[in-house]
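**Student:** Would you be able to build a 3D model of this:
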Amino acid sequence: MDKLLSNIKIQINDKVYCKDPDSSELGKKIIRGSIDMIDQMGFEKFTFKKLAKQIGSTEASCYRYFESKYHLLVYLTMWYWGWIEYRLVFGLNNIESPQERLEKAIKILTERVEQDSTFSHINEVKLNRIVISESSKIYFNKNVDSENSDGFFLKYKNVVERVSQIILEINPKYKYPHMLVSTIIEGAHHQRFFAEHLPRLTDVIKGEDAVVSFYQEMAIQQSTKK
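**Tutor:** The predicted structure follows:
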């Protein structure tokens, strides 16, 4: 199993990048360094010039991999959703009951992220914080329709589709599976942020992961509605 996992590669739409960063050590340094810096200073203050200085390279080298820092953010966000999809595939593999699969899927989508040693150049904990705080920038912009047509957001849509299909197994007549799943994902991100920074906007319960419990309950209640 370890050998199998070591060969896993998260495939990202090649229109997002100029050169696949996973294909070279410099590319991996760019990804590792950008995650560290965006997590630390925020996307607005992050620049390729600062990144190049941090990783001991040149600004021109960063542009050989990504057309802009925006495209780098798209790459990071879609890599994250590719990783979540990989976790769903492995995590749900041997669970026969649709309801149990749904509960496990919601847990994967909403639980606190831990670092995955399978991908040594990615800190998934920091990347999760970036997705929560910065990823809306890649959806709420004037180019979203053309970028969607180019397949930029396929990884995220794959995650929503996988979990939606489980809901439809439980209740084929349920009318809003995609809306439910995307609401759970985005809502859980907000609740994680609130719990850390604005706790009076959420419910922090000692001894319980309230975010997971709340959204599991929501998913089961909605999907089993008559």
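**Student:** And the helices in this protein?
**Tutor:** For the chain, the helices defined by DSSP state H cover 2-6, 25-41, 48-55, 59-65, 69-91, 98-110, 124-134, 136-139, 144-149, 154-170, 177-197, 210-223.
**Student:** can you redo these as CSV with mean pLDDT?
**Tutor:** Converted to CSV, these look like this (pLDDT from 0 to 100):
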stretch, mean pLDDT
helix 2-6, 42
helix 25-41, 97
helix 48-55, 98
helix 59-65, 98
helix 69-91, 97
helix 98-110, 97
helix 124-134, 97
helix 136-139, 95
helix 144-149, 96
helix 154-170, 97
helix 177-197, 97
helix 210-223, 96
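**Student:** could I get these as TSV with mean neighbour count and distance to V204?
**Tutor:** C-betas here are computed from N, CA, C, even on glycine. Listed next are the helices of the chain as TSV, based on neighbours: other Cβ atoms under 10 Å; distance: least, Cβ to Cβ, whole Å:
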stretch	mean neighbour count	distance to V204
helix 2-6	9	34
helix 25-41	19	23
helix 48-55	17	35
helix 59-65	17	39
helix 69-91	20	24
helix 98-110	19	15
helix 124-134	19	17
helix 136-139	16	24
helix 144-149	12	34
helix 154-170	18	25
helix 177-197	17	5
helix 210-223	18	7
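**Student:** Would you reformat these as JSON lines and include distance to K15?
**Tutor:** Putting the helices of the chain into JSON lines (distance: least, Cβ to Cβ, whole Å) gives the following:
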{"stretch": "helix 2-6", "distance to K15": "28"}
{"stretch": "helix 25-41", "distance to K15": "16"}
{"stretch": "helix 48-55", "distance to K15": "19"}
{"stretch": "helix 59-65", "distance to K15": "14"}
{"stretch": "helix 69-91", "distance to K15": "9"}
{"stretch": "helix 98-110", "distance to K15": "26"}
{"stretch": "helix 124-134", "distance to K15": "20"}
{"stretch": "helix 136-139", "distance to K15": "13"}
{"stretch": "helix 144-149", "distance to K15": "8"}
{"stretch": "helix 154-170", "distance to K15": "11"}
{"stretch": "helix 177-197", "distance to K15": "23"}
{"stretch": "helix 210-223", "distance to K15": "32"}
